[in-house]
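# Model the following, please.
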Amino acid sequence: FVYGLEVAMYRSEFYVFDGDTPLPAVIREYTRDDFEDLIEIQSECFPPPFPAELWWNVEQLNNHVNIFSEGAHCIEVGGSLAGSITGLIVNWSPQDEDHRWADITDSGYIRNHDPKGNTLYLVDISVRPRFRKLGVGKPRFEVRAKVAQDLSHPAIAVNMDACIQCTRCLRACRDEQVND
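Numbers count the residues shown, from 1 in each chain. All right, here's what the predicted structure looks like:
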């Protein structure tokens, strides 16, 4: 709510196909009701040896929905939460080559979100393994473009020179290309 008025949340409904079977899918902003599932998704997407303390926690997720809900989206397939994509807006330039994920995202807490920044930065993308072959990656990236367009921010920042070898981008690419 803003000044007593309900703020419209992003929502897109469509179908994905499991073979010849259409399944209803929804992309929407995630809410507190989704936190348990979002943490479970992280555990499925980043199993050991990835450290569990690096999965989302409730404080981080609260920040996502309180600070920049327009950058916190999930996808439901057939009524089950299948994945999420999270971003924030920062001031960033390609000349800022020396940055780390933890620094630019405030270790996932996004307290450094700057609504007047110039770049929509992709914080995280996760899809449950059982949903990866349904092609749910493309619609999640399209919502990023919508957020960037609506907020007049032209870029999703990816600086390969600042890679911290977390493999999240590789997993996102595999989700999109369905080649795992």
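# Nearest residue to the middle of the protein?
residue 85 (1.3 Å; CA atoms, centre = their mean).
# So for it, what's the pLDDT?
pLDDT, residue 85: 90.
# Parallel or antiparallel, list what pairs with the helix or strand hosting it.
Taking DSSP states H and E as the criterion, residue 85 maps to strand 80-90. Here strand 80-90 has these sheet partners by DSSP bridges: strand 72-77 (antiparallel), strand 119-127 (antiparallel).
# Export these to TSV and append columns for mean pLDDT, distance to residue 60 and mean neighbour count.
Using the backbone N, CA and C atoms, a C-beta is placed for each residue, glycine as well. Output for those, formatted as TSV (pLDDT from 0 to 100; distance: least, CB to CB, whole Å; neighbours: other CB atoms under 10 Å):
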stretch	mean pLDDT	distance to residue 60	mean neighbour count
strand 72-77	94	10	24
strand 119-127	88	9	24
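# Which of those sits closest to residue 52?
Judged by CB to CB, the one of the strands paired with strand 80-90 that comes nearest to residue 52 is strand 119-127, at 14.1 Å.
# low pLDDT regions in this protein?
Along the chain, the parts satisfying pLDDT under 70 run over 1-8, 137-180.
# Identify each of the strands in the chain and give its residue range.
All strands of the chain, identified by DSSP state E, fall at 11-18, 21-29, 72-77, 80-90, 119-127, 156-157.
# now those in a markdown table, with distance to residue 111?
A markdown table is the format used below for those (distance: least, CB to CB, whole Å):
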| stretch | distance to residue 111 |
| --- | --- |
| strand 11-18 | 27 |
| strand 21-29 | 19 |
| strand 72-77 | 14 |
| strand 80-90 | 9 |
| strand 119-127 | 12 |
| strand 156-157 | 18 |
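# Lovely, talk soon.
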